[in-house]
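S.K.: quick one, what's the 3D model for this:
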Amino acid sequence: MTTIDSSNAAPVAIISQELLPILSQALPSVISYTLPSERVVQANAEGARILARHSSTLSEKFDVDDDANKDANHEGGASSSSCIASKNNGERDGGRGDSRILVAAPDGRGKDNGDDPNATVEETELFLKRVAASSYAHKSWTDMRRTLVYIRTEVRFYNEIAPLLLADRSGGATTTTLRKHLPAVHHADYDLGGLVPEDSPATNAEQPSPFQEGGDNNDWEVRKGRSLEGRGGHILLESLSPSHGYFQDSPITPTQSLSCLRAVAELHAAAWGNEPLLRTIGDRLSTAGGSYQLAFRNPKELQNMVASWEGFRERFAGLKDQEASVRILERDSVMRLGRRVYEMAEYVSGELTPSAGDEHATMVHGDFKAMNVFLPVEEKEGSGDAIMIDFSCAGIGYGMSDVAMHIVHAVLPRDLENGGEKRLVEGYLSALEDAMNRKLGAGGSEKDDESRWTYPREAATRHYRLACVDYLRFIMGRFWRSATPESFEKKRESKNTTLINRNLEAAMAFIEKVDGYLEEFERERREEGGRLGLIEITEEGVLG
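M.R.: Modelled structure (predicted):
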């Protein structure tokens, strides 16, 4: 581990640059900090646990933050730092937000910090997520912009949207439950000046590159580097490590999956049916929530869809030792799956992109994989509070998009058989309906109570199946274009990778399922287009 002291700090890595100013937002009297050697480095962000030593109690800072949040209007822009009130830690068992008293400060140390010389020194474990624009200079502008928008969206969620979701409008029952499923965030900020305009929509994949090309390559790279310098964002939040009683895993059991789905049901219920709030979410986050939303993706993924699928099928269809598993790839409709998904992509995406006033519109998490949920270590039979993180793709959508992605990403095929998938979906719907009825104060738990709010099963089923088709489109275009049996094996234990990109059985089962769903929507579109005289029907598929 590397220890950084405020008196003579020397950055040891990108993650530690300017760390003390960031830490001081949560701990004004920070003395020093320690970075454990391990870090989390992903495609669109990096993070690290931080052990911060400070001379004043964290609980005092929490009290100040909580009072400030009560008065904040949460309508700030990039410079806003009003986060979820950190005192929500106290509402969870074990007081996991408490700092740990280490030792009494040596004589005179308190004087250096303007404190009582008898003050105690405490160590608090925090987690810093950070995006430094310069770390992504190698990406194309389209992909770099998406990474930068991710951090902007997540900062805005914590600073502006979460407080609105948690506002007590109906007795507090629903918002109190949701609060338990969100992490405490002590500071969040971003600066994308000169790169992504504040009013540029998240889904604006066509935004021109801000880098002025021209001259020799070296000069252009220097100017590009200057444009990226100091740009990016960070989020400082509570640690949810095993030492604090939480863990992440993938795949997960059906019981653990149900805990995740119950948590996201509370998130969906908090925004469901609130058109003014959803308009704000659309303006500040995205009108099309979801990491795999077509409007958010690189256009080349769809353009190369047919070739991507044909390459994938050729590489996997000939596996002699997995002949039974890959037999589905020889089915005629599956052989044409790339073309079929390509032709239906715009239609499916449009059907999954509701307006703020849509009857079933809500705010979706947008990247609801198992590794974006912390589960309590002591969890028994679905008890305990699952904590959702990483709201970088949040926006308006149908809640079933989160449900479909989660189940596909993290639950083994054997656990979905014999009604397992239906039980998970019904478990989510039951939790959503309970949350909505608490929010609306409508009805009890009796099924025949006509005043009870329900999500019509026909609509819910349609949204779930559309979301499955849409997720396959994303996987085919983004990951399967280069997937091989060897890459599946290499990623077999990679918990952050979706199961259908590392588990052959899961991939084939999903292909077979979506093949049927897609046929259903192709028929729907043919019937609709036939009535309107807008599309031509051929044996090969639907032609726009």
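S.K.: what's the longest strand in this protein?
M.R.: Counting by DSSP state E, the longest strand found in the chain is strand 120-132.
S.K.: any buried residues in the helix or strand G516 falls within, and which?
M.R.: Counting by DSSP states H and E, the element that carries G516 is helix 504-532. For helix 504-532, burial by neighbour count (16 or more other C-beta atoms under 10 Å) applies to 504, 506-511, 513-515, 517-518, 521-522, 525-526, 529. All C-beta spots, glycine's among them, are computed from the backbone N, C-alpha and C.
S.K.: what's the burial count for the residue lying closest to N372 once chain neighbours are set aside?
M.R.: Nearest non-adjacent residue to N372, counting by C-beta to C-beta, 6 or more residues apart in numbering: D390, 4.5 Å away. Look at D390: counted by other C-beta atoms under 10 Å, it has 24 neighbours.
S.K.: D390: what's it in contact with?
M.R.: Listed by C-beta atoms under 8 Å, 6 or more residues apart in numbering, the contact set of D390 reads 154, 367, 372.
S.K.: neighbour-wise, which of these leads?
M.R.: Of all those, E154 has the most neighbours under the rule other C-beta under 10 Å, reaching 26 neighbours.
S.K.: that one reaches D189, doesn't it?
M.R.: No: contact status for E154 versus D189: not in contact, 11.2 Å apart, counting by C-beta atoms under 8 Å.
S.K.: on that earlier part again, now the longest strand of the chain: mean pLDDT?
M.R.: On average, the pLDDT along strand 120-132 is 89.
S.K.: which other helices and strands contact it?
M.R.: Counting contacts by 3 or more C-beta pairs under 8 Å, 6 or more residues apart in numbering; DSSP states H and E, strand 120-132 packs against helix 19-26, strand 46-54, strand 100-104, helix 141-156, strand 232-238.
S.K.: ok so, going back, helices or strands next to the helix holding G516 in the packing?
M.R.: Using 3+ C-beta pairs under 8 Å, 6+ apart: helix 504-532 touches helix 332-335, helix 337-351, helix 413-416, helix 457-478, helix 485-490, strand 536-538, strand 541-543.
S.K.: for D332, see how far away the residue nearest the centre of the chain is.
M.R.: Centroid-nearest residue in the chain: D367, 3.5 Å away (criterion: C-alpha atoms, centre = their mean). According to C-beta to C-beta, to the nearest Å, D367 and D332 sit 34 Å apart.
S.K.: spatially nearest residue to A459 (excluding sequence neighbours)?
M.R.: Spatial nearest neighbour of A459, chain neighbours left out: H360 (6.1 Å); criterion: C-beta to C-beta, 6+ apart.
S.K.: any idea how many residues pack against E314?
M.R.: 10.
S.K.: phi, psi of it?
M.R.: In terms of degrees, to the nearest 10, the main-chain angles of E314 are phi -60, psi -40.
S.K.: kindly state the pLDDT recorded for it?
M.R.: In this model, E314 is scored at 94, pLDDT.
S.K.: what of E524?
M.R.: pLDDT, read off for E524, is 92.
S.K.: swap in M1?
M.R.: On pLDDT, M1 comes in at 43.
S.K.: same check, this time on the one 5 residues further on
M.R.: Per-residue confidence (pLDDT) for S6: 44.
S.K.: same check on the one 10 residues further on?
M.R.: In the predicted model, S16 carries a pLDDT score of 46.
S.K.: check the one 10 residues further on too.
M.R.: According to the predicted model, the pLDDT of A26 comes to 79.
S.K.: that one and Y33, how far apart?
M.R.: 11 Å.
S.K.: what sits in contact with each of these two?
M.R.: Common contacts of A26 and Y33 (C-beta under 8 Å, 6+ apart): A52.
S.K.: name the SS class of the residue nearest to the centre of the chain, please.
M.R.: coil (DSSP: H, G, I helix; E, B strand; the rest coil).
S.K.: surely it touches C393?
M.R.: Yes: between D367 and C393 there is a contact under C-beta under 8 Å: 4.5 Å.
S.K.: any common contacting residues for the two?
M.R.: With C-beta under 8 Å, 6+ apart as the test, D367 and C393 both reach 290-291.
S.K.: hmm, back to that, between E154 and D189, which contacts overlap?
M.R.: G233.
S.K.: would the residue nearest to N372 count as being in a strand?
M.R.: No: going by three-state DSSP, the assignment for D390 is coil, not a strand.
S.K.: return, as residue ranges, the portions of the stretch 401-544 of the chain with sub-threshold pLDDT.
M.R.: By pLDDT under 70, the low-scoring segments of the stretch 401-544 of the chain are 442-449, 530-544.
S.K.: who touches E125 in this structure?
M.R.: By C-beta under 8 Å, 6+ apart, the residues touching E125 are 49-52, 100, 239, 241, 243-244.
S.K.: surely S291 and A394 touch.
M.R.: No: contact criterion C-beta under 8 Å: S291 and A394 do not qualify, at 9.9 Å.
S.K.: those two: which is more packed in?
M.R.: Legend: neighbour count by other C-beta under 10 Å for S291 and A394, higher for A394 (29 against 22).
S.K.: wait, the more buried one touches R284, no?
M.R.: No: with contacts counted by C-beta under 8 Å, A394 stays clear of R284, the gap being 9.8 Å.
S.K.: shared neighbours, those two?
M.R.: Counting by C-beta under 8 Å, 6+ apart, the residues touching both A394 and R284 are I161.
S.K.: E493: neighbour count?
M.R.: 9.
S.K.: that one: which element?
M.R.: Going by DSSP H and E, E493 is not part of any helix or strand.
S.K.: that one and Y190, how far apart?
M.R.: E493 is 33 Å from Y190, where distance means C-beta to C-beta.
S.K.: now Q25. Nearest residue, chain neighbours left out?
M.R.: Counting by C-beta to C-beta, 6+ apart, Q25 lies nearest to H187, which is 3.8 Å off, once chain neighbours are set aside.
S.K.: A strand includes the one you found, no?
M.R.: Yes: the assignment for H187 by three-state DSSP puts it in a strand.
S.K.: kindly state the pLDDT recorded for it?
M.R.: Looking at H187, its pLDDT is 92.
S.K.: picking up where we left off before, I'd say the residue nearest to A459 and E458 touch.
M.R.: No: using C-beta under 8 Å, H360 is not in contact with E458, being 11.4 Å away.
S.K.: the two: which is more packed in?
M.R.: The residue with more neighbours, out of H360 and E458, is H360; 18 against 8, by other C-beta under 10 Å.
S.K.: contacts only, for N304.
M.R.: Residues in contact with N304 (C-beta under 8 Å, 6+ apart) are 477, 481.
S.K.: what about it, distance to F488?
M.R.: Counting by C-beta to C-beta, the separation of N304 from F488 is 20 Å.
S.K.: over to E426?
M.R.: 31 Å.
S.K.: if you count surrounding residues, which of the two has more?
M.R.: It is F488, of E426 and F488, that has more neighbours when counted by other C-beta under 10 Å, with 19 against 15.
S.K.: OK, contacts around the more buried one?
M.R.: F488 neighbours (C-beta under 8 Å, 6+ apart): 501-504, 507.
S.K.: now with 7 Å, please.
M.R.: 502, 504 (C-beta atoms under 7 Å, 6 or more residues apart in numbering).
S.K.: once you drop chain neighbours, what's closest to G477?
M.R.: Distances taken as C-beta to C-beta, 6+ apart place E301 nearest to G477, at 3.2 Å, with adjacent residues excluded.
S.K.: any low-confidence regions in the stretch 51-200 of the chain?
M.R.: 56-119, 168-175.
S.K.: any idea how far the residue nearest to A132 when sequence neighbours are not counted is from I151?
M.R.: Closest residue to A132 apart from its sequence neighbours, by C-beta to C-beta, 6+ apart: G232 at 4.5 Å. Using C-beta to C-beta, G232 is found at 7 Å from I151.
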